[in-house]
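**Student:** Kindly return the folded structure for what I paste below:
(one chain, ligands or ions: 2)
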Amino acid sequence: MKIESITLHHIAMPLVAPFETSFGRETKRECVIIEIHSEGLVGYGECVATHSPGYNYETTGTAMHILKDFISPLILGQDVKDALDFQERVIGIRGHLLAKAGVEMAVWDLLGKRENKPLKELFGGVRDKVEVGVSVGIQASPEKLVETVTDFVNSGYARVKIKIKPGKEVAETTAVRKAFPDIRLQVDANSAYSLDDADQLKPLDDLNLLLIEQPLFEDDIWDHHKLQEKFKTPICLDESIVSPRHARYAIEMKACKIINIKAGRVGGLSQGIMVHDICQQNNMPVWCGGMLETGIGRASNLALASMPNFTLPGDVSASDRYYEKDITNERFVLNPDSTIDVPSGAGLGVTIDEDALKSYTLAKVVVN
Ligand code: OSB
Ligand code: MG
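**Tutor:** Ligands and ions are numbered 1, 2, ... in the order given. This is a model prediction of the structure:
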């Protein structure tokens with residue numbers, strides 16, 4: 001596919017409610033939408049970097065720079081055959097995986113549109129709907145947290161993840177477990193602990209949690225192994241797994257029992273599929289993580305999560321949990337069985353609400 005032009009839309013969308021994690025509080029979500037024109041088709045991708053380097057080192061600012069000045073020149077005017085061909089072209093750019101992944105998503109959207117097939121089919125997905133849960137940010141008090149969780153449970157979410165940080169974990173998680181003795185519950189620390197202070201987490205080991213996500217630093221696969229030895233609850237890695245190789249390291253080191261896959265974090269959907277395959281071969285369950293995506297990234301997550309080894313519910317909630325108005329015309333809704341339908345249209349299977357996109361735009365750069 002000849003890449004004829006690339007448009008970068010740096011956008012900011014107000015969230016329906018602030019989202020607080022161990023690394024900060026967001027009231028709006030920034031990201032970069034990548035629009036690629038090729039042979040009469042338009043493909044879209046979402047780079048899930050946001051305004052600050054809290055989740056990892058990338059930001060919308062670094063992503064705009066890398067996308068415009070380094071990735072675009074390598075593919076503009078070129079015949080990019082598929083996602084792996086794209087990866088080979090950008091292999092000389094170290095890191096900046098969220099930026100690369102945004103472009104790869106647009107390449108997949110183009111491929112699907114050209115072949116008139118949904119991404120689910122191109123990935124070998126096996127489900128028409130995927131089990132999902134909701135990720136609940138840090139709240140002012142355990143009481144407030146239980147209230148917020150109750151609202152989500154009442155709206156149909158059968159799996160709940162709560163964000164934790166040092167000093168805001170034991171009372172909070174215990175309160176939710178008490179209020180909902182049987183719900184599928186898990187916690188996410190976003191790298192807020194070190195092995196030395198991880199003792200604080202020990203009481204969580206008796207709360208029948210599905211998993212404890214990324215308690216330690218991003219570059220601490222080995223310390224996660226030491227922690228997993230002390231916990232019966234499965235440790236799940238998010239930030240630590242930045243490539244298929246890292247998935248192999250985690251498996252070989254017995255650093256975790258579950259992996260959260262985010263296509264952005266590993267540099268693209270093709271890499272996410274490889275992580276899925278490695279985990280499947282090693283009997284390690286995976287689930288699809290989320291980055292508060294717009295309808296574009298959400299469509300991509302649903303297609304990925306339709307693959308067979310995604311056996312745990314994903315952080316892919318309904319559109320109304322994030323945004324009053326999304327940039328896609330399609331909105332994703334929660335089915336009564338706590339699932340969301342996988343898009344069936346060609347490519348990502350979504351169309352853009354141009355007015356909404358425009359209204360959220362902070363900067364638009366056309367590279368051609
Ligand atoms: O660690 O999973 C995470 C959101 C932003 C950055 C990191 C994470 C998250 C979430 C939200 O947990 C998941 C979602 O609903 O998109
Ligand atoms: Mg996480």
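**Student:** how about the residues of the stretch 51-200 of the chain near ligand 2?
**Tutor:** Residues of the stretch 51-200 of the chain found near ligand 2 (C-beta under 5 Å from the ion) are residue 188. Every C-beta, even on glycine, is put in place using the N, C-alpha and C of the backbone.
**Student:** hmm, try it at 8 Å
**Tutor:** 55, 135, 188, 190 (C-beta under 8 Å from the ion).
**Student:** what's the most distant pair in these?
**Tutor:** Pairwise distances across those peak at 12.5 Å for 55 and 135 (criterion: C-beta to C-beta).
**Student:** So which of the residues of the stretch 51-200 of the chain next to ligand 2 is the closest to ligand 1?
**Tutor:** residue 135 (3.6 Å; C-beta to the nearest ligand atom).
**Student:** Any idea how many residues pack against that closest one?
**Tutor:** Using other C-beta atoms under 10 Å, the number of residues around residue 135 comes to 24.
**Student:** Note down every partner strand of whichever strand or helix holds it and its orientation.
**Tutor:** Secondary structure assigned from DSSP states H and E places residue 135 in strand 134-136. Here strand 134-136 has these sheet partners by DSSP bridges: strand 159-163 (parallel).
**Student:** Could you pull out the buried residues of stretch 212-228?
**Tutor:** 212-218, 220-221, 223-225, 227-228 (16 or more other C-beta atoms under 10 Å).
**Student:** and after the longest strand along the chain, which helix or strand comes next?
**Tutor:** Selection of the longest strand in the chain by residue count, based on DSSP state E, yields strand 5-21. Per DSSP H and E, the first helix or strand lying C-terminal to strand 5-21 is strand 24-38.
**Student:** what's the angle from that following strand to strand 5-21?
**Tutor:** Angle of strand 24-38 versus strand 5-21, following axes from the mean of the first three to the mean of the last three C-alpha atoms, to 10 degrees, is 160 degrees.
**Student:** buried set for strand 24-38?
**Tutor:** Buried-residue list, strand 24-38, by 16+ other C-beta under 10 Å: 26, 28, 29, 30, 31, 32, 33, 34, 35, 36, 37, 38.
**Student:** Next, give phi and psi for the residue nearest to residue 78 when sequence neighbours are not counted.
**Tutor:** The shortest distance from residue 78 to any residue other than its chain neighbours is 5.8 Å, reached at residue 3 (C-beta to C-beta, 6 or more residues apart in numbering). Here is the backbone geometry of residue 3 (degrees, to the nearest 10): phi -80, psi 110.
**Student:** isn't there a helix covering residue 293?
**Tutor:** No. Using DSSP: H, G, I helix; E, B strand; the rest coil, the assignment for residue 293 is coil, not a helix.
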